[in-house]
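>>> build me a model:
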Amino acid sequence: MMKPALFACVLALALPACNRGGGGGGSVKLDNDDNKTLYALGLIVGRNLAGFNLTPTELDVVKAGIGDAATGKKPQVELETFGPRVNQLRTKRMSAKSDDEKKKGKTYEETAAKEAGAERTPSGLVFKSLGGGAGEQPKAADTVKVNYKGTLIDGTEFDSSYKRGQPAEFPLMGVIPCWTEGVQKMKPGEKAKLVCPSNIAYGDQGRPPTIPGGATLVFEIELIGVTTKAQPAMPQLSVPPPSGGKIAPPSGGKVGAPAKKPAQ
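Residues are numbered from 1 along each chain as shown. Down below sits the predicted model:
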């Protein structure tokens, strides 16, 4: 998250174009590298504004502040007073948005859990096998290869290995908890649907601008196979070593020292 001073600086640099471009960006000409770079700057600013969930009227207020700062006009409010409130407002708006996403997600999860063959686990995961598969299920410490598609509950697709044309490979301990749990319930060759509440997905922060905070996620996964099995743990000593728990060095000397020769 940007600090207030840096956030204000980026906004002041970026937004003269907002008033010229009509807010949508469709009328600007990206006919040289400088303009393309400035447009990229606008994208960065827009992504930082996304958490505020601005209405069109509120966006106009933001544009006015940027325009005044960029043209050297006298600010209409004291930046020292209201600048520190920027992140507070963002946090408040994001929290409200997250709560709304959770409510919608809960309704979706309850419906999904009632589907034939669906199972709801104590974590909140809704797991439904779509068929196929044989062999041993992976363990949490294994590395697996999968194809998958991820969507929001409204069907908006945010990721797909199918579209990239290449399966994904990763250790199960290195992904969101929903996947760590759900893929362990699958057998190689099996396809399944995972409905993941936000608490076992990306939480209240989400992954803006693609995944809102508090969002329930839906994955269709095909487990191609387990590529690396977890190595078994080394056996532990069941009894303490001699000499009061310390390993005694040979012949009373240092560890690794040769034994003393007997006297002639």
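>>> CA atoms for contacts and neighbours, from now on please.
Fine.
>>> can you count the residues close to A134?
Using other C-alpha atoms under 10 Å, A134 has 10 neighbouring residues.
>>> nearest residue to it other than its sequence neighbours?
K187 (5.4 Å; C-alpha to C-alpha, 6 or more residues apart in numbering).
>>> A helix includes that neighbour, no?
No: using DSSP: H, G, I helix; E, B strand; the rest coil, the secondary structure at K187 is coil, not a helix.
>>> ok, and the closest non-adjacent residue to E222?
K191 (4.3 Å).
>>> run through the residues that contact the one you found.
Neighbour list for K191: 129-133, 220-223 [criterion: C-alpha atoms under 8 Å, 6 or more residues apart in numbering].
>>> so which helix or strand takes in D68?
helix 56-71 (DSSP states H and E).
>>> for L194, what is the enclosing helix or strand?
Counting by DSSP H and E, L194 is found in strand 191-196.
>>> now the lengthiest helix in the chain against strand 191-196, angle please.
The residue-count maximum for a helix in the chain (DSSP state H) belongs to helix 85-113. Interaxial angle of helix 85-113 relative to strand 191-196 (axes from the mean of the first three to the mean of the last three C-alpha atoms, to 10 degrees): 140 degrees.
>>> give me the buried positions along helix 85-113.
87, 90, 94-95, 97-98, 101-102, 105-106, 108-109, 112-113 (16 or more other C-alpha atoms under 10 Å).
>>> show me where the stretch 151-264 of the chain has helices.
For the stretch 151-264 of the chain, the helices defined by DSSP state H, counting those that start in this stretch occupy 161-164, 177-183.
>>> okay, the residue nearest to A134: pLDDT?
For K187, the model assigns a pLDDT of 96.
>>> quick one: terminal-to-terminal distance for stretch 171-183?
Separation of the first and last residues of stretch 171-183 by C-alpha to C-alpha, to the nearest Å is 11 Å.
>>> am I right that A116 is in a strand?
No: A116 sits outside any strand when classified using three-state DSSP, being coil.
>>> in PDB, could you pull the C-alpha coordinates for stretch 48-57?
The C-alpha coordinates for stretch 48-57 follow below in PDB (Å, rounded to 0.1, in the frame of the first residue of the first chain):
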ATOM      1  CA  ASN A  48      -4.300   2.300  -6.500                       C
ATOM      2  CA  LEU A  49      -7.700   4.000  -6.800                       C
ATOM      3  CA  ALA A  50      -9.600   0.700  -7.200                       C
ATOM      4  CA  GLY A  51      -9.700   0.000  -3.400                       C
ATOM      5  CA  PHE A  52     -11.700   3.200  -2.900                       C
ATOM      6  CA  ASN A  53     -14.600   1.900  -4.900                       C
ATOM      7  CA  LEU A  54     -15.300   5.400  -6.200                       C
ATOM      8  CA  THR A  55     -18.600   6.500  -7.700                       C
ATOM      9  CA  PRO A  56     -18.500   8.600 -10.900                       C
ATOM     10  CA  THR A  57     -19.200  11.700  -8.800                       C
END
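>>> and that stretch, how far out from the chain's middle?
Centroid separation between stretch 48-57 and its chain, computed with C-alpha atoms, centre = their mean, to the nearest Å, is 21 Å.
>>> mind showing which ranges of the stretch 1-150 of the chain have poor pLDDT?
Applying pLDDT under 70 to the stretch 1-150 of the chain flags residues 1-26.
>>> how is this structure carved up into domains?
4-83, 115-228 (automatic domain parsing).
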